[in-house]
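Novice: Here is my input, please return the structure:
(4 chains)
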2 protein chains.
Amino acid sequence: MHMKSSLAQSQWPVSVATAPACEGCGLVERCFLAKPLPDDDGDCADIVRRRYPIERGERLYRRNTPFTSLYQVCSGSLKTQRETPEGDLVVTGFFLPGDVVGIDALADRQYQSDAYANIDTEVCQLDFERLLSHCAHKPGLNAWIISMIGSYVRRKDSDLSWSCSLQTHQRVLRFFLDLHERLTQASHTQSSGLSLPMKKQDIASYLHMTPETLSRNLAQLRREGLLHLHDNRFTLPDTTRARAITGL
Amino acid sequence: MHMKSSLAQSQWPVSVATAPACEGCGLVERCFLAKPLPDDDGDCADIVRRRYPIERGERLYRRNTPFTSLYQVCSGSLKTQRETPEGDLVVTGFFLPGDVVGIDALADRQYQSDAYANIDTEVCQLDFERLLSHCAHKPGLNAWIISMIGSYVRRKDSDLSWSCSLQTHQRVLRFFLDLHERLTQASHTQSSGLSLPMKKQDIASYLHMTPETLSRNLAQLRREGLLHLHDNRFTLPDTTRARAITGL
DNA sequence: CGCCTCATTGATCGTTGTCAAGCCGGGTGG
DNA sequence: CCACCCGGCTTGACAACGATCAATGAGGCG
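Specialist: Numbering: from 1, shown residues only, chains lettered A, B, ... in the order given. From the prediction side, this is the model:
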C-alpha cells in the first residue's frame, strides 16, 4: 500500500541530505528534488540536472520539438505560449517556483507550446525517459509522477472553468489572488508587496482580454481598494472581499 | 491531425483473446480494455468492470466524493459539469466512446465535477487503487496510464487554447468539427450524418455562450453551407473550408 | 537626446448577453 | 383522437460590455 490517502507531495519522508547544488536555493525546504528522489537507492543521479539558469526573454523549449525533459522552476518565472490560427500569440500558462513545466508534451512526445523566461530564472531539468525507466522498481517515484501530473490537470481544469465564465474584473482579481497565493506558498516571505514576475501584456493575453481592458480593470480595482499595484509590486489589501467577489 | 495515436496505445501487441463481456461492443477493435491489459499475467482481472450501463440523465459520480475509479465510455456519451460561484452550472467536458472520464480527480482524490449520461450509455469501470498496485511490476501498464492522462491533458490544453480565444462562430464550427472527428474515429461508420449525443443547451454552456447565441450561430453556419443539422443529426458538407476557418 | 516598448486613457463601434415572445415536438390525460 | 402542457429551441429588440483605433505618457538603452 504505497499509495495511501493522498498523492500529495508532502508525504515523502522529510529527508536528510540535500544535494550540494541545492544549497542556497530558495525552494530548498519544500522541493522534493532537493532531497533524494522517492525510493532512490543512489542510481537516480542521472535524472536531474540542477539549477540551470535561463535569462529573461530566453526560450527554454520550442513548440513541435521532441519532448525530452520536464523542468521544475527553482526561481523566477516562465510562460508558455502558442499561436492562434490567425497568427496571434496567446499565453497559455505561467510557471512559478515549484511548478513543473512541459507536461503538455506527454501525450505527443512533442512540446505543445513555446516556453520563455519572463525574468531571469533557474530550473531543474528532469530527464523523462530515465525517470520512467526507474519507475518500474520504484513505486514511490511512480506515484510522485502521477501526483505531479494530477496537480497540473487540476490547475488546467480550474483555469478552464473560470477563465471564460467569469466577468472581466473578476478574472483579473482572481488572477492576482491566485498569483499571490502561489508566490507566498513558494517562498514564505510575507514582505510588503510581491513583485509581479511577468508583463501586463502577457497577463492580458492569458486572461483573454486586450491590454487596454486589463489596464482599465486594474484602475478600477485600485479605486475600489481591492488591489495595490505600483512599480511591478502588488498587494491585496482585502483578500476576504476579493475572495467573495471571485468565488475562490 | 491531432489524432496521432498517443504515446503508448498503439504499441501494445495486437492481442489475441478478447474478454467475453466485450463481445458486441462497438469499440472492441480499438479498445485496449477489450484485450488483456499490458503486461497482464492474469492477475488484473479485478481491475476492470466491463460494460456497465448508465441511463440517460443518470449521474455516474458526484463532485467532492472520494475518487475510486476511472471510467472508459463504451457507447453513448457523458458530460461533466461544475457550479460557478454564482450557482450556474457549466459543462466542462463531453466524453465519447473511447474517452476516459475521472482524470480530474487524480490530484485531490476527489471528483472535481458531476458526471451525467447525456443519453443511454455504457462504461467500463477501472479500479484505480488496484490499477496502481499492479503498476510496480508492470512497466507497460504504467506507461499506459501516463499515456492516458497525457491524452486528457492534451485535450484540456487545446480546449483551453481555443475555447476562449476564437470568435463565437469559429468556436461553434470547431466544436462540430472536433465532434465529427471523435465520433467517426470511435465507430468507423461513415453513415449519412451523425447523431448529436448531447443537448444544445449543454453545448452552449460548454462553449461559454448563451443558447440564443448558439442558435443564431447555427443558423448562420447553415446559411453559409458549412453545417447541416436537423433532427439531432448533422453533417459537415465542407470540412476543408471549415478547417480553414477554425484553424484546425 | 531620440528611439523603442510598455502602459494608460479617451471615443467609438460591434458582438454578445439579456429580456421577451413565439414555435415545435413529445408526453399526459381526458 | 385531440387538448393541453412543458421543456427545448428559435427569433427579435435592446442594452452593455469589451475590442478597436488613436493619442499620450513613462521608463530603458543606445
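
Novice: Please go through chain A and pick out the longest helix.
Specialist: helix A:139-163 (DSSP state H).

Novice: near DNA strand C, anything from that helix?
Specialist: No: applying CB under 7 Å from any atom of the strand, one finds helix A:139-163 separated from DNA strand C by no less than 14.1 Å. Yep, even glycine has a C-beta here, placed from its N, CA and C like the rest.

Novice: Moving C-terminal from that helix, which element do we reach first?
Specialist: Counting by DSSP states H and E, the next helix or strand C-terminal to helix A:139-163 is helix A:168-186.

Novice: How about residues contacting that following helix?
Specialist: Defining contact as CB atoms under 8 Å, 6 or more residues apart in numbering or on different chains, one finds that helix A:168-186 is touched by A:26-27, A:30, A:94, A:96-99, A:162-163, A:166, A:190, A:194, A:196-197, A:203, A:206-209, A:213-214, A:217-218, A:220-221, A:226-227, A:234, A:236, A:239, A:242-243, A:245-248.

Novice: quick one: which of those residues sit in strands?
Specialist: Using DSSP state E, the subset of the contacts of helix A:168-186 located in strands is A:94, A:194, A:234.

Novice: Between these, which sits nearest B:Ser158?
Specialist: Nearest to B:Ser158 out of the ones in strands among the contacts of helix A:168-186 is A:Phe94 (CB to CB; 18.5 Å).

Novice: and that closest one, what is it in contact with?
Specialist: Going by CB under 8 Å, 6+ apart, A:Phe94 touches A:77-79, A:118, A:179, A:197-198, A:202, A:206.

Novice: what's the answer for A:Ala105, then?
Specialist: By CB under 8 Å, 6+ apart, the neighbours of A:Ala105 are A:67, A:111-112.

Novice: Looking at those residues, which gets the smallest pLDDT?
Specialist: In terms of pLDDT, the least confident member of those is A:Gln112, at 93.

Novice: so what's the residue nearest the centre of chain A bridging to?
Specialist: With distances taken as CA atoms, centre = their mean, A:Phe95 lies nearest the centre of chain A, 2.8 Å away. The bridge-partner assignment for A:Phe95, based on DSSP bridges, gives A:Leu78.

Novice: what residues are up against it?
Specialist: A:Phe95 touches A:73, A:77-80, A:101, A:115, counting by CB under 8 Å, 6+ apart.

Novice: Check A:Leu106 too.
Specialist: Contacts of A:Leu106 by CB under 8 Å, 6+ apart are A:67, A:149, B:7, B:146-147, B:149-150, B:153-154.

Novice: From A:Gln170, how far off is A:Val123?
Specialist: 32 Å (CB to CB, to the nearest Å).

Novice: before we move on, back to that, now do the residue nearest to the centre of chain A, the pLDDT please.
Specialist: 96.

Novice: ok, now how distant is it from DNA strand C?
Specialist: Between A:Phe95 and DNA strand C the computed distance is 18 Å (CB to the nearest atom of the strand, to the nearest Å).

Novice: can you check A:Gln110 too?
Specialist: Counting by CB to the nearest atom of the strand, the gap from A:Gln110 to DNA strand C is 27 Å.

Novice: For that residue, give the beta-bridge partners.
Specialist: Under the criterion DSSP bridges, A:Gln110 forms beta bridges with A:Pro66.

Novice: Stretch A:81-99: end-to-end distance?
Specialist: In stretch A:81-99, first residue to last residue: 16 Å (CA to CA, to the nearest Å).

Novice: hmm, it in reach of DNA strand D?
Specialist: No: residues of stretch A:81-99 contacting DNA strand D under CB under 7 Å from any atom of the strand: none, with a closest distance of 9.1 Å.

Novice: Helix, strand or coil: sort out the residue lying closest to A:Leu218 once chain neighbours are set aside for me.
Specialist: Excluding the flanking residues, the one nearest A:Leu218 by CB to CB, 6 or more residues apart in numbering or on different chains is A:Leu229, at 6.2 Å. Following DSSP: H, G, I helix; E, B strand; the rest coil, A:Leu229 is assigned to strand.

Novice: Surely A:Leu229 is in contact with A:Ala219?
Specialist: No: A:Leu229 lies out of contact with A:Ala219 (CB atoms under 8 Å); the separation is 9.7 Å.

Novice: which one of the two has more residues nearby?
Specialist: Remark: of A:Leu229 and A:Ala219, A:Leu229 carries more neighbours, 17 against 11, as counted by other CB atoms under 10 Å in any protein chain shown.
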